[in-house]
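*Asks:* Prediction below, plus the sequence it came from.
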Amino acid sequence: MFSLSVLLLTLMLLNSRLLISAETVVTCEGPFVQRLSCETGVISVQSATFGRTSSQICSVGRPPSETSNTHCSVDVPAVSKRCNGLRECEINTQGLAPGDPCAGTYKYYTTNYICIPAETSVTCQGGYSYLKCENGKIQINTANYGRTDKTTCSEGHPPSDLQNTNCYSPNALAPVSKSCNGKESCEVFATRFFFTDPCVGTYKYLAISYFCLPSGIRLIH
């Protein structure tokens, strides 16, 4: 759904002269963690692939037979799903790709992302998320009611409530956008009565990233 805001974001950046930083992270195949981070703004994954398009990358100690196939690539949509809208994102790459695009070739993950100038809001389960733009109108970028790490909204909860960090709401973006887009401020209740419960028994939180669009930019719904 981020593509819905591409034109709006471009216009906003031209208007406010904000800068976007572009990053590329490569992680070799194996029991490794890929880490994305933004010093300012939030992550927006532009592409994420698993395979091999260069004989040089991740080739140390590997025989030519494992690095010669450079026409091997498959998209990995899970990276966008897990990282978009966050300031930092760490992903265990084992089993992340949807399949093996070239058996016998030693592969690697390549993720290209940008850091976009968005605001963030995190509200623990049962609380109210209050979004506000001092100048301009709200445009929701991402929203998830679930859990993607073990530390956020963890105080006072047993480990059993925090173990599932692969918890994503299938319908969070639509109701948050409906409640907030085009307004100077809005309030959203972080509860299973407003969102589908994606992981019963896990203590959840509502994570939102949003833009404050300057006046004069017409919102697209």
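*Replies:* Good, I have the coordinates.

*Asks:* right, and the helix or strand after the helix-or-strand element of the chain with minimal mean pLDDT?
*Replies:* Between all helices and strands in the chain, the lowest mean by mean pLDDT, DSSP states H and E belongs to helix 6-16, at a mean of 42. Counting by DSSP states H and E, the element after helix 6-16 in chain order, helix or strand, is strand 21-28.

*Asks:* Go ahead and name everything in contact with that next one.
*Replies:* For strand 21-28, contacts defined as CB atoms under 8 Å, 6 or more residues apart in numbering pick out 33-36, 38-39, 41, 46, 57-58, 93, 106, 108-115. Where you see a C-beta, it was placed from the backbone N, CA and C, and this is true even at glycine.

*Asks:* Apply 6 Å and report the result again.
*Replies:* Defining contact as CB atoms under 6 Å, 6 or more residues apart in numbering, one finds that strand 21-28 is touched by 34, 58, 93, 108-115.

*Asks:* go on, stretch 168-176?
*Replies:* Stretch 168-176 is contacted by residues 1, 140, 143-146, 188, 195-196, 198 when judged by CB under 6 Å, 6+ apart.

*Asks:* ok, back up a step: list the ones among the contacts of strand 21-28 that fall in strands.
*Replies:* Counting by DSSP state E, these place 34, 108-115 in strands.

*Asks:* Domain map for this structure?
*Replies:* According to automatic domain parsing, the chain comprises the domains 19-116, 119-213.

*Asks:* Apart from its neighbours in sequence, what residue is nearest the residue positioned nearest the centre of the chain?
*Replies:* For the chain, Asn84 is the residue whose C-alpha lies nearest the centre (CA atoms, centre = their mean; 1.7 Å). In space, Asn84 comes closest to Thr142 once its chain neighbours are excluded; the distance is 5.1 Å by CB to CB, 6 or more residues apart in numbering.

*Asks:* just Gly99 next, same as before
*Replies:* Leaving aside its sequence neighbours, Gly99 sits nearest to Val74 (CB to CB, 6+ apart; 6.2 Å).

*Asks:* What separation do you get for the one you found and Gly51?
*Replies:* 6 Å (CB to CB, to the nearest Å).

*Asks:* out of these two, which sits in the more crowded spot?
*Replies:* Gly51 (22 against 15; other CB atoms under 10 Å).

*Asks:* Pretty sure that one sits in a strand.
*Replies:* Yes: using DSSP: H, G, I helix; E, B strand; the rest coil, the assignment for Gly51 is a strand.

*Asks:* quick one: it from Val33, how far?
*Replies:* Counting by CB to CB - Gly51 and Val33 are separated by 19 Å.

*Asks:* Next: Ser154.
*Replies:* Using CB to CB, one gets 20 Å for the distance from Ser154 to Val33.

*Asks:* ok, these two, which is more surrounded?
*Replies:* Ser154 (16 against 10).

*Asks:* circling back to that earlier point, quickly check the contacts of strand 21-28 for the two that are furthest apart.
*Replies:* Largest separation among the contacts of strand 21-28 by CB to CB: Cys58 and Cys115, giving 24.8 Å.
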